[in-house]
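# Dropping the sequence and predicted coords here.
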Amino acid sequence: MFQRHKTRIVNVGGVLIGGNNPVSVQTMTKTHTEDIDATVRQIRELEEAGCHIVRLAVPTIVSAKCLGIIKRQIKIPMVADIHFGHHLALEAIAQGVDKIRINPGNMKDKSKLEEVVMAAKDRGIPIRIGVNSGSVRGEGDNHEELTSLMVKTVLRYCEHFESLGFKDIVLSLKASDVPSTLAAYRSIATLCDYPLHLGVTAAGPPSLATIKSAIGIGGLLSEGIGDTLRVSYTGAPELEVKAGYEILEALGLYKRQGAELISCPTCGRCEIDLVNIVEKVRQRLPVDKKNLQIAIMGCVVNGPGEAREVDIGIAGGKGFGFLFKKGEKVRKIPEDRMVDELLEEITRMS
Ligand code: SF4
């Protein structure tokens, strides 16, 4: 296990970030916050996926006024993501959010920023100071200058907040490139003890963002840096949550309660679309529900043996597969029904 950097503990609506608390997984809704039904629906799906903390964009006062109604219908802590308007932050705090995320650099009026800090202090909620590379990048900044600027900017904001007696702070310094992200977080981790929210910003579509996040977020975690994370995808938020868990699992920082999936690499003997079947099953497997071993194998060479060894398995044939449960061959399933029937069986085995 990695030696974690010592950080202060911040309470976000009952989820503790920092210290020796488990690294929590966050994401952000992708609905318009004013669309209360769609937003609540998405958050409930994220709760199902195991999301610990959810963040919502608050671009307008109408969206800010929806936060309380949404919060009363969900179970996980809610963070309001605020840019520019200090009145949006004040309204979000009044609506009862559990944390706000701001970039102090885009609240130019110092007295208004201080009003927000004092409102958070009165309510006893933390603030994440989130500085992204895009918000500090100047013409011709190279990698080192960019990193140093992000760190200096964040430290200056921390000093300002501390001068107001406010230390309930989480920090993030996300860049869209991995080396700058790594350098910025490594640097800030040596300079203060505020808990760190990790992420690579604007990381791209899942195929690319998974690699960037695994290296960026995973690399930092492997050095003991980081207390909470968000994987950013140009894609569905529940996939961000799954990817977050997969990074933690790969590092041994999370032990999956759910299913373990075994699948063969396929070869010229395979006569079903195994790659597609495995990917669909993987995407729909519940994260935190069932302690099952599942095998999906391409043919009769190794298929029946592996499928018998696990709780539930499939051994492929030509356009069909044999389903095995607890060591017994149960029935033959046509290829086009394989994903649905396997998942139905898994649900019944919970
Ligand atoms: S189980 Fe069959 S299809 Fe899969 S790799 Fe082995 S021989 Fe090939």
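Structure's in. What do you need?
# CA-only coordinates of the strand or helix carrying residue 130, as PDB, when you get a sec.
In this assignment (DSSP states H and E), residue 130 forms part of strand 127-132. The C-alpha coordinates for strand 127-132 follow below in PDB (Å, rounded to 0.1, in the frame of the first residue of the first chain):
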ATOM      1  CA  ILE A 127     -14.900  25.200  -0.900                       C
ATOM      2  CA  ARG A 128     -12.900  23.500  -3.600                       C
ATOM      3  CA  ILE A 129     -10.500  26.000  -5.200                       C
ATOM      4  CA  GLY A 130     -10.300  24.600  -8.700                       C
ATOM      5  CA  VAL A 131      -7.700  26.100 -11.000                       C
ATOM      6  CA  ASN A 132      -7.400  24.600 -14.500                       C
END
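# Partner strands of it, with direction?
strand 99-102 (parallel), strand 169-174 (parallel) (DSSP bridges).
# Distance to the ligand, mean neighbour count and mean pLDDT added to the ones you listed, as TSV?
Backbone N, C-alpha and C define where each C-beta goes, glycine included. Shown next, in TSV, are these (distance: least, Cβ to the nearest ligand atom, whole Å; neighbours: other Cβ atoms under 10 Å; pLDDT from 0 to 100):
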stretch	distance to the ligand	mean neighbour count	mean pLDDT
strand 99-102	46	26	97
strand 169-174	40	25	96
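# Dump those strands into TSV; add distance to residue 341 as well.
TSV is the format used below for those (distance: least, Cβ to Cβ, whole Å):
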stretch	distance to residue 341
strand 99-102	43
strand 169-174	42
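# so which of these comes closest to residue 251?
Closest to residue 251 of the strands paired with strand 127-132 is strand 169-174 (Cβ to Cβ; 19.3 Å).
# what sits up against the closest one?
Residues from elsewhere that reach strand 169-174, judged by Cβ atoms under 8 Å, 6 or more residues apart in numbering: 10, 12, 17-18, 99, 126-133, 150-151, 154, 158, 161, 181, 184-185, 188, 192, 194-201, 227-228.
# and stretch 111-119, average pLDDT?
The average pLDDT within stretch 111-119 is 96.
# List the buried residues of it.
113, 114, 115, 116, 117, 119 (16 or more other Cβ atoms under 10 Å).
# ok, and what's touching it?
Residues contacting stretch 111-119 (Cβ under 8 Å, 6+ apart): 86, 89-90, 93-94, 100, 102, 104, 107, 127, 160-161, 164, 166.
# Please identify which pair of those lies farthest apart.
94 and 160, at 22.6 Å, using Cβ to Cβ across the contacts of stretch 111-119.
# Would you check that residue 300 makes contact with residue 314?
No - counting by Cβ atoms under 8 Å, residue 300 sits too far from residue 314 to count as a contact (11.6 Å).
# Among those two, which residue is more densely surrounded?
Neighbour totals were compared for residue 300 and residue 314, and residue 314 leads with 32 against 13 (other Cβ atoms under 10 Å).
# Next, work out how far apart the more buried one and the ligand are.
Distance, residue 314 to the ligand, using Cβ to the nearest ligand atom, to the nearest Å: 11 Å.
# can you check residue 324 too?
For residue 324, the distance to the ligand - Cβ to the nearest ligand atom - is 14 Å.
# just residue 345 next, same as before
20 Å.
# Can you give me the neighbour number for that residue?
If we define neighbours as other Cβ under 10 Å, then residue 345 has 18 of them.
# One more: residue 199?
Using other Cβ under 10 Å: residue 199 sits among 29 other residues.
# For residue 127, list each beta-bridge partner.
In beta-bridge terms (that is, DSSP bridges), residue 127 pairs with residue 100, residue 169.
# which residues does it contact?
Contacts of residue 127 by Cβ under 8 Å, 6+ apart are 99, 100, 101, 102, 116, 117, 120, 161, 166, 168, 169, 170.
# Tell me which residues are up against the worst-scoring helix or strand of the chain on mean pLDDT.
Counting by mean pLDDT, DSSP states H and E, the weakest-scoring helix or strand in the chain turns out to be helix 133-136, with a mean of 80. With contact meaning Cβ under 8 Å, 6+ apart, helix 133-136 is reached by 103, 105-106, 146, 149-150, 153, 174-177, 180, 201-202.
# Render the CA-only coordinates of stretch 272-291 in PDB, please.
The C-alpha trace of stretch 272-291 is given here as PDB (Å, rounded to 0.1, in the frame of the first residue of the first chain):
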ATOM      1  CA  ILE A 272     -19.100 -15.500 -31.800                       C
ATOM      2  CA  ASP A 273     -18.500 -11.700 -31.500                       C
ATOM      3  CA  LEU A 274     -16.800 -12.200 -28.100                       C
ATOM      4  CA  VAL A 275     -15.100  -8.700 -28.000                       C
ATOM      5  CA  ASN A 276     -18.400  -7.000 -28.300                       C
ATOM      6  CA  ILE A 277     -20.200  -9.300 -25.900                       C
ATOM      7  CA  VAL A 278     -17.600  -9.000 -23.200                       C
ATOM      8  CA  GLU A 279     -17.500  -5.200 -23.500                       C
ATOM      9  CA  LYS A 280     -21.300  -4.900 -23.300                       C
ATOM     10  CA  VAL A 281     -21.400  -7.200 -20.200                       C
ATOM     11  CA  ARG A 282     -18.500  -5.300 -18.600                       C
ATOM     12  CA  GLN A 283     -20.300  -1.900 -19.100                       C
ATOM     13  CA  ARG A 284     -23.500  -3.100 -17.500                       C
ATOM     14  CA  LEU A 285     -22.100  -5.100 -14.600                       C
ATOM     15  CA  PRO A 286     -23.100  -3.500 -11.300                       C
ATOM     16  CA  VAL A 287     -20.100  -2.000  -9.400                       C
ATOM     17  CA  ASP A 288     -21.000  -2.700  -5.900                       C
ATOM     18  CA  LYS A 289     -23.400  -5.500  -5.700                       C
ATOM     19  CA  LYS A 290     -22.400  -9.000  -6.400                       C
ATOM     20  CA  ASN A 291     -19.400 -11.000  -5.500                       C
END
